[in-house]
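Undergrad: Sharing a model that was predicted from the sequence below.
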Amino acid sequence: MKSLLFISLIFEMTFFCLPSSLPCEGELCPKVISMPLMDNMKASLKADIDVSQINRYLKAYIQQEIKKDVRTIIKDLVEKKLNNMKVEMSSRAEEKEMGKVCTDSVECQDNLDCINGRCSCNRSTYWNGIRCDQKLPSECEDISSDKDGIYLVYPKGKMTSRKISVYCIMSGNKKWTVIQKRTDGSMDFYRTWSEYSNGFGRVDEDHWLGNENIYRLSQDGTHELSIVLVDWEGNLMEANYSKFSVDSEEDNYSLSVSGYSGNAGDGMDYHNSKSFYTKDRDNKNGCAVSRHGGWWYDDCYQANLNGMYNGTINESGKYTGLVWFEWKRDYSLKTTLMMIRRKE
């Protein structure tokens, strides 16, 4: 566009400012073209225009622009090649150092830390098969904002990871990823294995984040679990666990939970090491069907936070409701919240 404007400007300047006589020699001699014109009375006219000066301007301008573009292209190619060489050399050095026995991070390459006696990618990066690459936020703990809300995360922080939406609760210097929420019974939790695996509900409302997502999140570092319970009188209790993880689907999303603290009573110890069950993949005791939920059942529970939302505290909800036996026995709770956080 700039070139066209420049050419147009030259043409206009030459047409209106062309001297009546020009000294010329060779290709500098005037080259005259005849142009048919029409006046406003539609009378035929003819104009002779000398284009030799236009040609000189155009030739000089085009040569200048070509030289400029070539210099820029060459410079960019050289810089790109040098950067690629630096990255390749750094990657080879990291690959050579990766997994080397160490006692301190100073013994490892700059981008590596000494973790569990081996040179490894530091917490903010991951090994992409060639080098340590910058991690994306893998959960709420990696989000820079201090405001509660919905965020996109990439479990394990890899670009190749399937991104998911999560609800984050920013509590002081701790940033929690919500994996379960029950508040009003608007979402049915009596679901199939596939539905519990994929997750269901809106993350800012009643929902289950999904066993596959919980598994991928909990395998990235050491996690803690916090459970908030509210009864129909507005009383609030907490059960916190210093270690929490869920195994893969091949291991039936079995639960690992320990390190209880809080005031609600340890309702999860009974479920530690148990497999997850649903109405279409129930255990031998038929707990998922009889207790109307999806959970880490055995015979059958001490907690049943994915049970039926009864909306009442009367006997009709006994055994099937949102139960935390250590606190309220078979009383069906009003609100439950489960959230996890990476500690290290």
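TA: Sure thing, it's come through. Bear in mind that the values here come from a model prediction, so they are computed numbers and not experimental data. Residues are numbered from 1 along each chain as shown.

Undergrad: The closest residue to M170 other than its chain neighbours and S171, how far apart?
TA: Counting by C-beta to C-beta, 6 or more residues apart in numbering, M170 lies nearest to D146, which is 4.9 Å off, once chain neighbours are set aside. In this view, the C-beta of every residue, glycine as well, is placed from N, C-alpha and C. Going from D146 to S171 by C-beta to C-beta, to the nearest Å gives 10 Å.

Undergrad: A288 too?
TA: Distance from A288 to S171, by C-beta to C-beta: 32 Å.

Undergrad: And the two? Which one has more around it.
TA: Neighbour comparison, A288 and S171: the larger count goes to A288, with 26 against 13 (by other C-beta atoms under 10 Å).

Undergrad: tell me the contacts of the spatially closest residue to K328 that is not a sequence neighbour?
TA: Nearest residue to K328, sequence neighbours excluded (C-beta to C-beta, 6+ apart): D231, at 6.3 Å. By C-beta atoms under 8 Å, 6 or more residues apart in numbering, the contact list for D231 reads I313, K328, Y331, L333, K334.

Undergrad: Highest neighbour count among these?
TA: L333 (25 neighbours).

Undergrad: Let me see the ranges of the strands in the stretch 151-300 of the chain.
TA: 164-171, 174-182, 207-208, 223-230, 236-246, 255-262 (DSSP state E, counting those that start in this stretch).

Undergrad: mind listing what's buried in stretch 282-291?
TA: Neighbour-count burial for stretch 282-291 flags D282, N283, C287, A288, R291 (criterion: 16 or more other C-beta atoms under 10 Å).

Undergrad: From the opening residue of it to its closing one, how far?
TA: Using C-alpha to C-alpha, to the nearest Å, the end-to-end distance of stretch 282-291 comes to 11 Å.

Undergrad: ok, now stretch 210-223?
TA: Note: stretch 210-223 ends 17 Å apart using C-alpha to C-alpha.

Undergrad: Now it: buried residues?
TA: Buried, per 16+ other C-beta under 10 Å, within stretch 210-223: G210, N211, E212, N213, I214, Y215, R216, L217, S218, D220, G221, H223.

Undergrad: Looking at those, which is nearest I150?
TA: Among the buried residues of stretch 210-223, N213 lies closest to I150 (C-beta to C-beta), at 14.3 Å.

Undergrad: So the closest residue in space to the closest one that isn't next to it in sequence versus R182, what's the distance?
TA: Closest residue to N213 apart from its sequence neighbours, by C-beta to C-beta, 6+ apart: I164 at 5.6 Å. For I164, the distance to R182 equals 20 Å [C-beta to C-beta].

Undergrad: more crowded one of those two?
TA: More crowded of I164 and R182, by other C-beta under 10 Å: R182, with 25 against 20.

Undergrad: what's the residue nearest to N213 in contact with, if anything?
TA: Contacts of I164 (C-beta under 8 Å, 6+ apart): L152, V153, P155, L209, G210, N213.

Undergrad: pLDDT score for it?
TA: Per-residue confidence (pLDDT) for I164: 94.

Undergrad: what is the rounded mean pLDDT of stretch 62-73?
TA: What stretch 62-73 shows for mean pLDDT is 74.

Undergrad: for stretch 223-240, that is, sorry about that
TA: On average, stretch 223-240 scores 97.

Undergrad: next one: that stretch to chain centre, how far?
TA: Taking C-alpha atoms, centre = their mean, to the nearest Å, one finds stretch 223-240 lying 29 Å from the centre of the chain it belongs to.

Undergrad: Okay, buried residues for that stretch please.
TA: H223, E224, L225, S226, I227, V228, L229, V230, D231, M237, A239, N240.

Undergrad: For the residue lying closest to I179 once chain neighbours are set aside, grab the count of nearby residues.
TA: The shortest distance from I179 to any non-neighbouring residue, by C-beta to C-beta, 6+ apart, is to L209 (4.3 Å). A count of nearby residues for L209, using other C-beta under 10 Å, gives 25.

Undergrad: hang on, the earlier thing: look up phi and psi at the residue nearest to M170.
TA: phi -110, psi 20 (degrees, to the nearest 10).
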